[in-house]
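Undergrad: got a predicted structure plus its sequence, pasted below:
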Amino acid sequence: MLLRAMPRRAFATMSRQEVFAFAQKIHATPFDKAKEPTVTCPNYEGLNSELDAYLSTNPPAGYTTPPRQQRPTKIGNNVLEYIGNTPMVKLDRIRKVLGVEPELYGKCEFFSAGGSVKDRIALRMIEDGEREGLLKPGDTLIEATSGNTGVGLCMAGAVLGYNVIITLPQKMSGEKVNMMKGLGALILRTPTEAAWNADDSHIILARRIKEALGERAHVLDQYQNKGNVLAHYDTTAEEILEQMDGKMTHLVLTAGTGGTLTGIARKIKQKAPHVVIVAVDPEGSILALPDSLNDKNRLQPYHVEGIGYDFIPTVLEQNVADVWLKSNDEDSFQHARALVRHEGLMIGGSSGGALHGAVDYIRREKLGKDAKVVCLFADSTRNYMSKFLADEWMTETGFGHIKDL
């Protein structure tokens, strides 16, 4: 077997180039469970009791909430000090274009240093690992991701001195890949159609590389890492509450791994229980409740990136949302382009899904001018310049009929 035939020098003496070359050979070797018996697929079944304990006013004994980071007022020591603390923007122009009465607001996560909400969890997972004595500079971080968590990890790894290997489905945009490569990471692509637990999935590949490299290699695993949820419970939710003075009536979020939704919604429900949490899940994904909502185009491919899954991650508490809605590519891209056009917000496709979900809910529930609806805009246009912003791509993928609102 190739993995056994390779030189097995102590990992600590391997250079970054040697680590990457080793990972590439693993990627090129089909997975054989009999020959790699220690590689197992995680058991993801939604929020577990261990993680649930941290999302309360009485966390486990010995756990201390890290202090919230504030942006430097003048000069920062490094780019990581500019993660989070993102602006809240009133969306009066798009509200008028769409013809809805409630006040609309956007929590603009693309203002974070790496361009997405995932910057927060990338830094938190690394810092938690360092505090717990599990990680140290020079180690290799391996992560299965749809892209934005990867960008955040690559950015943090470049600054803090980690090797980073990203396993990524083929459908994800070239802009994300180029950015991560520019930050010094190795990118290994897996088939888009591979199920999460398939032998050729990005999740299994990450586990194979970690097992082969040994103790100084780590899969942080955003799908079950408590830092994914706590980053939002401790920071994003608090920012939203402070920016809105606790006076919003509805909060609309798309769901990817679910960490953003779970962390923010848990804190909001504790401090502002009057707020209705609306979760948006794309057609093709199976995260929404009741499960019958997922029947339309169940497990079929879709183009919007970064949201939805074919399994229920540990960091997702589905019941934390008061209501689930389903989005689709056409409406998501139309509303994303409208946000760019009318509000000058350089957001990604999932942000269009959040806005469309908000508008759908507003119209369905006949919300009036007294409602204050906040949408979380997860990432930036940077990742999709060759996709939904490009008329040629829209035509090639069957969305050429979409006209900007």
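TA: Yep, that arrived.
Undergrad: how many residues are close by Val97?
TA: Neighbourhood size, Val97 [other Cβ atoms under 10 Å]: 16. For glycine as for every other residue, the C-beta is placed from the backbone atoms N, C-alpha and C.
Undergrad: and the helix or strand harbouring it, what's buried?
TA: Assigned by DSSP states H and E, Val97 belongs to helix 92-98. Using 16 or more other Cβ atoms under 10 Å as the test for burial, helix 92-98 gives Arg93, Ile94, Arg95, Val97, Leu98.
Undergrad: sheet partners, orientation included, of whichever helix or strand comes after it?
TA: Note on helix 92-98: by DSSP H and E, the next helix or strand toward the C-terminus is strand 103-108. Strand pairing for strand 103-108, determined by DSSP bridges: strand 88-90 (antiparallel), strand 372-377 (parallel).
Undergrad: possible to save the ones you listed as TSV with mean neighbour count, mean pLDDT and distance to Ile203?
TA: Listed next are the strands paired with strand 103-108 as TSV, based on neighbours: other Cβ atoms under 10 Å; pLDDT from 0 to 100; distance: least, Cβ to Cβ, whole Å:
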stretch	mean neighbour count	mean pLDDT	distance to Ile203
strand 88-90	15	98	34
strand 372-377	26	98	25
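Undergrad: to Asn58, which of those strands lies closest?
TA: strand 372-377 (26.9 Å; Cβ to Cβ).
Undergrad: ok, then the element right after the closest one?
TA: Past strand 372-377, the next helix or strand by DSSP H and E is helix 391-396.
Undergrad: where is the longest helix in this structure?
TA: Scanning the chain for the longest helix, with DSSP state H as the assignment, gives helix 349-365.
Undergrad: what is the burial count for Thr73?
TA: 6.
Undergrad: and it, how close does it get to Tyr82?
TA: Noted for Thr73: a distance of 12 Å to Tyr82, by Cβ to Cβ, to the nearest Å.
Undergrad: likewise Leu123?
TA: For Leu123, the distance to Tyr82 - Cβ to Cβ - is 11 Å.
Undergrad: quick revisit: buried sites along the longest helix of the chain?
TA: 349-362.
Undergrad: quick check: what element follows the helix or strand bottoming out on mean pLDDT in the chain along the chain?
TA: In the chain, the helix or strand scored least confidently by mean pLDDT, DSSP states H and E is helix 2-5, which has a mean of 46. Sequence order places helix 16-28 as the next helix or strand after helix 2-5, per DSSP H and E.
Undergrad: quick check: buried residues in whichever helix or strand comes after that following helix?
TA: Past helix 16-28, further along toward the C-terminus, the next helix or strand under DSSP H and E is helix 49-54. The neighbour-count check on helix 49-54 (16+ other Cβ under 10 Å) flags Leu51, Tyr54 as buried.
Undergrad: stretch 183-199 now?
TA: Buried residues in stretch 183-199 (16+ other Cβ under 10 Å): Leu183, Ala185, Leu186, Ile187, Leu188, Arg189, Thr190, Ala194, Trp196.
Undergrad: verify the stated contact: the fifth one with His27.
TA: Yes. At 4.6 Å, Leu188 counts as touching His27 under the criterion of Cβ atoms under 8 Å.
Undergrad: give me the common contacts of the two.
TA: Leu205 (Cβ atoms under 8 Å, 6 or more residues apart in numbering).
Undergrad: excluding covalently adjacent residues, which one is nearest to the most centrally placed residue in the chain?
TA: Geometric centre of the chain, nearest residue: Lys118, 5.1 Å, by Cα atoms, centre = their mean. Sequence neighbours aside, Asn148 is the residue nearest to Lys118 in space, at 3.9 Å (criterion: Cβ to Cβ, 6 or more residues apart in numbering).
Undergrad: kindly report the same for Ala113.
TA: Tyr82 (4.2 Å).
Undergrad: next, count neighbours for that neighbour.
TA: Count around Tyr82 with other Cβ under 10 Å applied: 17.
Undergrad: ok, Glu215 next?
TA: Using other Cβ under 10 Å, Glu215 has 9 neighbouring residues.
Undergrad: next one: it from Leu134, what distance?
TA: Shown here: Glu215 relative to Leu134, a distance of 10 Å by Cβ to Cβ.
Undergrad: returning to that earlier point: check which helices and strands the helix holding Val97 sits against.
TA: strand 103-108, helix 329-338 (3 or more Cβ pairs under 8 Å, 6 or more residues apart in numbering; DSSP states H and E).
Undergrad: in the stretch 101-250 of the chain, which spans are helices?
TA: Along the stretch 101-250 of the chain, the stretches classed as helices by DSSP state H, counting those that start in this stretch are 118-131, 148-160, 174-182, 202-213, 226-231, 237-243.
Undergrad: chain center to stretch 96-114: distance?
TA: Chain-centre distance of stretch 96-114: 18 Å, with Cα atoms, centre = their mean, to the nearest Å.
Undergrad: mind listing what the closest residue to Val304 other than its chain neighbours touches?
TA: Leaving out its chain neighbours, the residue that sits closest to Val304 by Cβ to Cβ, 6+ apart is Gly349, at 4.6 Å. By Cβ under 8 Å, 6+ apart, the contact set of Gly349 is His303, Val304, Glu305, Asp329, Ser332, Phe333, Ala336, Tyr384, Lys387, Phe388.
Undergrad: on that earlier part again, format the strands paired with strand 103-108 as TSV; extra columns: distance to Asp52.
TA: Shown next, in TSV, are those (distance: least, Cβ to Cβ, whole Å):
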stretch	distance to Asp52
strand 88-90	29
strand 372-377	22
